[in-house]
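Engineer: Below is the sequence, then the predicted model.
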There are 2 protein chains.
Amino acid sequence: MSKLKPNANSHQKAKDLNLEDIAKEAGVSRATVSRVINNEAYVSEETRQRVQHVIETLGYSPNLRGRILATGRTNIIGVVIPQSLATVFDDQFYFPTLLNGVAQAANQRNYAMLLWIQESSTDEERFYERILKNHLMDGVLLASTQQNNPFIPRLLDTGIPMAMIEHPEQWADRINFVTVDNQAAAVLATKHLYRQGRRKIGHITGALNNIDGLKRLEGYQQALAELGIPYHEEFVVEGNFESKSGYEGMQTLLKAHVDAVFCANDQMALGALKALDELGVRVPGDIAIIGFDDLPTSERNNLTTIHQPIHTKGAQVTHLLLDQIEGISSGVRHVLLPTHLVIRETCGASITQRF
Amino acid sequence: MSKLKPNANSHQKAKDLNLEDIAKEAGVSRATVSRVINNEAYVSEETRQRVQHVIETLGYSPNLRGRILATGRTNIIGVVIPQSLATVFDDQFYFPTLLNGVAQAANQRNYAMLLWIQESSTDEERFYERILKNHLMDGVLLASTQQNNPFIPRLLDTGIPMAMIEHPEQWADRINFVTVDNQAAAVLATKHLYRQGRRKIGHITGALNNIDGLKRLEGYQQALAELGIPYHEEFVVEGNFESKSGYEGMQTLLKAHVDAVFCANDQMALGALKALDELGVRVPGDIAIIGFDDLPTSERNNLTTIHQPIHTKGAQVTHLLLDQIEGISSGVRHVLLPTHLVIRETCGASITQRF
DNA sequence: TATACGTCTGAGAGCGTTCTCAGAGAGCGT
DNA sequence: ACGCTCTCTGAGAACGCTCTCAGACGTATA
């Protein structure tokens, strides 16, 4: 070796090797080393071997910062979690699972994930200024279920590739997204209660400024219509996805003498179950309950619910985004993931119906 | 304006402005613009104003990629969540809360957060190769409670600034960390049960290859010793932090006729409560239960528990790391955050004791 | 033999900043 | 008038990579 690794014994700031060092050592040019590293064609097998060998013995790996500047690509995607979601939701299951899905897909395709949790309103501005305008990220994943999120058009204006984890509402024709067929799932849930012989089916809605909440309500209404059951206003209580609103909503619905309740998510269903438990109402004897999400807790509570593939959702939306970034796909793509009913005990289905 | 913003009407790829553009427009050099942007001294007020004005009217903001290469700093910190934690834990509250804390502190100090969830074992290698060796991050936050995590010495070897969210065990003298005084908290919990008149106090441990689990067990033992109560082996069951192990552990402890149980976390305490509920054992009448963590669910279940400031933990450890990165602090720093007892109903404390 | 084409390689520009250095000019004391 | 210091500014190198271009060489084709 004609060149010593500088400061090889200094623990603190061993100057990193760069392309030039490898080039010199291997007796080739920087360009050739670059070609070897990026697995490009037009390098003779002999040269490739020699360069590879030098790279390995010296333990070189390319400096991402230089590459980023040269290529204009960072291989980083941003995941933005708006304030509303970060603080309001008490469902602590959704995001970790979603992020796991995103991480898996991103890792697989050699991207890293920049997580941006907007805790305060100034965070949004900071994100916009610092990160977005300056192209630190190749694309953005936005988790938003809030209606008319002003962040969306802003993001669109920058022209940065983006995809959403929920339905983007009025911007749907311009944005890739993955979501679950909320309405169909709600129809499924409601009809399942009907099939158990229930006729006075109530509904505790999710937050109605939220597309998921809205779609689930519409599904409930659609099911009733298709079943020929009249819609009773007093059978519907507006909740907000938090368990407390399920707890209180259930107390209201009891006065309307429902015999079944479809809750727009499991958190509220658990709240409802707690209310029923405290009042000594039997489940599913007196009232059948069905939720939405299939949280881990729901299994422990034997709650019948709609399962949605959250992990898959995260992975899929990431692939959508990366396809767009890498120019693999053209045009906007939408994915509607299927849900399925998980029958446990709170709906009153008999064992035979369960299998 | 002598120069038009190029492609100002093209939505797709409006070429970004750079320092040069601003410099030309303001009739100064690149260096001066850079000085203005970075708020350096030695720029005349008049020049500063003029440059600032051009920057604002043209809507320029500096390209981070260029800056990153020039400064060698990315203003990105990495948060690594090892596989063991991402998949094993069913406690879905801890991480989101922790991340919120990290995000808050990082945002505040103008850093972004790169989240690295190690789902598969190859992810660790990839992290090491791609991200770490290439200095894409200025520092790393490691969440690990696993004993003898081989990742730690590896990370130390790279010399990258790092901090840990749990106790780093044998590397404690070389690593910044923030944790909670698990042992003291466990003493507190155990003695609280004693003060309620309980004498046959059991313990369902956490995973014992985990420093938190270990420290809580030691705290339990210390309390017994200080209270002069002999240690009964059959009063201690090994759990793994998951609710199921609490559920099963409780069944075992019932056979040992304990009259109180300190569970090493709330998940297990909830599992224990479920077991007791199913068997018709009264809480706190027959058996008192105390947990650890203070999850949101715990409040709903009236579980007495130890509260630990998770959000603060995330924020503090981030400040520790950033201080190290920015050279504000010298030497290794450790922070032990205080916990406190949250008295609810499952411990049998009377109202007066609660306030 | 002349031409064409495919393979391989190196020189050097370019990405957008920061940072060092040198120099111009102003103000001041001697 | 001179030297000195202090403020302000610009030129240009540096960061570490990619990518284009041109040229050298070898082989196949006319």
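Structural biologist: Sure thing, it's come through.
Engineer: can you tell me if stretch A:25-45 touches chain B.
Structural biologist: No. Using CB under 8 Å from any CB of the partner chain, stretch A:25-45 stays clear of chain B, with a minimum separation of 11.9 Å. Every C-beta, even on glycine, is put in place using the N, C-alpha and C of the backbone.
Engineer: Show me which residues of that stretch are buried.
Structural biologist: A:25, A:26, A:28, A:32, A:33, A:34, A:35, A:36, A:37, A:43 (16 or more other CB atoms under 10 Å in any protein chain shown).
Engineer: Quick check: phi and psi at residue A:80.
Structural biologist: phi -100, psi 120 (degrees, to the nearest 10).
Engineer: Contact partners for the spatially closest residue to residue A:271 that is not a sequence neighbour?
Structural biologist: Among residues not flanking residue A:271 along the chain, residue A:246 sits closest, at 3.0 Å (CB to CB, 6 or more residues apart in numbering or on different chains). By CB atoms under 8 Å, 6 or more residues apart in numbering or on different chains, residue A:246 lies in contact with A:204, A:239, A:263, A:267, A:268, A:269, A:270, A:271, A:272, A:275.
Engineer: Now the two most distant members of those residues.
Structural biologist: A:267 and A:275 (13.2 Å; CB to CB).
Engineer: between these two, which one's more packed in?
Structural biologist: Neighbour totals were compared for residue A:267 and residue A:275, and residue A:267 leads with 30 against 19 (other CB atoms under 10 Å in any protein chain shown).
Engineer: Let me know the helix or strand that the more buried one is in.
Structural biologist: With secondary structure defined by DSSP states H and E, residue A:267 is part of helix A:266-279.
Engineer: okay, the angle between the next helix or strand after that helix and helix A:266-279?
Structural biologist: The helix or strand immediately downstream of helix A:266-279 is strand A:288-293, counting by DSSP H and E. Angle between the axes of strand A:288-293 and helix A:266-279 is 150 degrees (criterion: axes from the mean of the first three to the mean of the last three CA atoms, to 10 degrees).
Engineer: Tell me the strands beside strand A:288-293, with direction?
Structural biologist: Sheet pairing for strand A:288-293, assigned by DSSP bridges, gives strand A:260-263 (parallel), strand A:304-307 (parallel).
Engineer: Make CSV from the ones you listed and add mean pLDDT to it.
Structural biologist: As requested, the strands paired with strand A:288-293 are exported to CSV (pLDDT from 0 to 100):
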stretch, mean pLDDT
strand A:260-263, 98
strand A:304-307, 97
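Engineer: Please identify the most buried of those strands.
Structural biologist: Of all the strands paired with strand A:288-293, strand A:260-263 has the most neighbours on average by mean count of other CB atoms under 10 Å in any protein chain shown, namely a mean of 31.
Engineer: Just checking the distance from it to the centre of its chain.
Structural biologist: 26 Å (CA atoms, centre = their mean, to the nearest Å).
Engineer: pLDDT score for the residue nearest to residue A:271?
Structural biologist: Turning to residue A:246, the model gives it a pLDDT of 96.
Engineer: Also residue A:41?
Structural biologist: On the pLDDT scale, residue A:41 gets 89.
Engineer: which residues touch stretch A:176-187?
Structural biologist: Under CB under 8 Å, 6+ apart, the answer for stretch A:176-187 is A:162-168, A:211-212, A:215-220, A:222-223, A:226, A:262, A:264, A:292, A:306, A:308-309, A:313, A:316-317, A:320-321, A:324, A:332-339.
Engineer: quick one: which of the residues you listed sit in strands?
Structural biologist: A:162, A:163, A:164, A:262, A:292, A:306, A:334, A:335, A:336, A:337 (DSSP state E).
Engineer: Let me have the residues you listed in TSV, extended by distance to residue B:174.
Structural biologist: As requested, the ones in strands among the contacts of stretch A:176-187 are arranged in TSV below (distance: CB to CB, whole Å):
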residue	distance to residue B:174
A:162	41
A:163	41
A:164	43
A:262	56
A:292	48
A:306	49
A:334	50
A:335	47
A:336	51
A:337	46
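Engineer: List only those of these flagged as buried.
Structural biologist: By 16+ other CB under 10 Å, the ones in strands among the contacts of stretch A:176-187 give A:162, A:163, A:164, A:262, A:292, A:306, A:334, A:335 as buried.
Engineer: Quick check: closest non-adjacent residue to the first one.
Structural biologist: Put plainly, it is residue A:162. Nearest one to residue A:162, counting by CB to CB, 6+ apart, is residue A:140 at 4.5 Å.
Engineer: again with residue A:97
Structural biologist: Nearest non-adjacent residue to residue A:97 (CB to CB, 6+ apart): residue A:310, at 4.4 Å.
Engineer: how many neighbours does the residue of the stretch 201-350 of chain A found nearest chain B have?
Structural biologist: Of the stretch 201-350 of chain A, the residue with the smallest distance to chain B, taken as CB to the nearest CB, is residue A:296 at 5.7 Å. Residue A:296 has 15 neighbours, counted by other CB under 10 Å.
Engineer: So it sits against residue A:97, correct?
Structural biologist: No. Taking contacts as CB atoms under 8 Å, residue A:296 lies outside contact range of residue A:97: 9.5 Å.
Engineer: Contact residues of the stretch 51-200 of chain A facing DNA strand C?
Structural biologist: A:69, A:70, A:72 (CB under 7 Å from any atom of the strand).
Engineer: DNA strand D next: which of these are close?
Structural biologist: Near DNA strand D, by the rule CB under 7 Å from any atom of the strand, you find A:69, A:70 out of these.
Engineer: so where's the stretch 101-250 of chain A shaky on pLDDT?
Structural biologist: A:145 (pLDDT under 70).
Engineer: What segments of it are strands?
Structural biologist: A:112-117, A:139-142, A:162-164, A:176-180, A:201-205, A:236-238 (DSSP state E, counting those that start in this stretch).
Engineer: To residue B:119, which of the ones you listed lies closest?
Structural biologist: strand A:112-117 (11.7 Å).
Engineer: which helices and strands does the closest one pack with?
Structural biologist: strand A:76-81, helix A:94-108, helix B:94-108, strand B:112-117 (3 or more CB pairs under 8 Å, 6 or more residues apart in numbering or on different chains; DSSP states H and E).
Engineer: if you set the cut-off to 6 Å instead, what comes out?
Structural biologist: strand A:76-81, strand B:112-117 (3 or more CB pairs under 6 Å, 6 or more residues apart in numbering or on different chains; DSSP states H and E).
Engineer: Name the residue of the stretch 201-350 of chain A that lies nearest to DNA strand D.
Structural biologist: DNA strand D sits closest to residue A:326 of the stretch 201-350 of chain A, with a gap of 12.5 Å, by CB to the nearest atom of the strand.
Engineer: need the residues of chain A near chain B, please.
Structural biologist: A:11, A:61, A:63-65, A:68-69, A:90, A:92-93, A:95-96, A:100, A:103-104, A:107, A:112-115, A:117, A:119, A:123, A:133-134, A:136, A:159, A:296 (CB under 6 Å from any CB of the partner chain).
Engineer: What's the ChimeraX line that selects buried ones from those?
Structural biologist: ChimeraX command restricting those to the buried ones, with burial defined by 16+ other CB under 10 Å:
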select /A:61,63,64,65,68,69,92,93,95,96,100,103,104,107,112,113,114,115,117,119,123,133,134,136
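Engineer: Of all residues in the stretch 251-355 of chain A, which one is closest to DNA strand C?
Structural biologist: Taking CB to the nearest atom of the strand, the stretch 251-355 of chain A has residue A:325 as its residue nearest DNA strand C, at 18.2 Å.
Engineer: so what's that residue up against?
Structural biologist: A:138, A:139, A:161 (CB atoms under 6 Å, 6 or more residues apart in numbering or on different chains).
Engineer: Show the contacting residues for the second one.
Structural biologist: Residue A:139 makes contact with A:77, A:161, A:321, A:325, according to CB under 6 Å, 6+ apart.
Engineer: do that again at 7 Å, thanks
Structural biologist: Going by CB atoms under 7 Å, 6 or more residues apart in numbering or on different chains, residue A:139 touches A:77, A:160, A:161, A:162, A:321, A:324, A:325.
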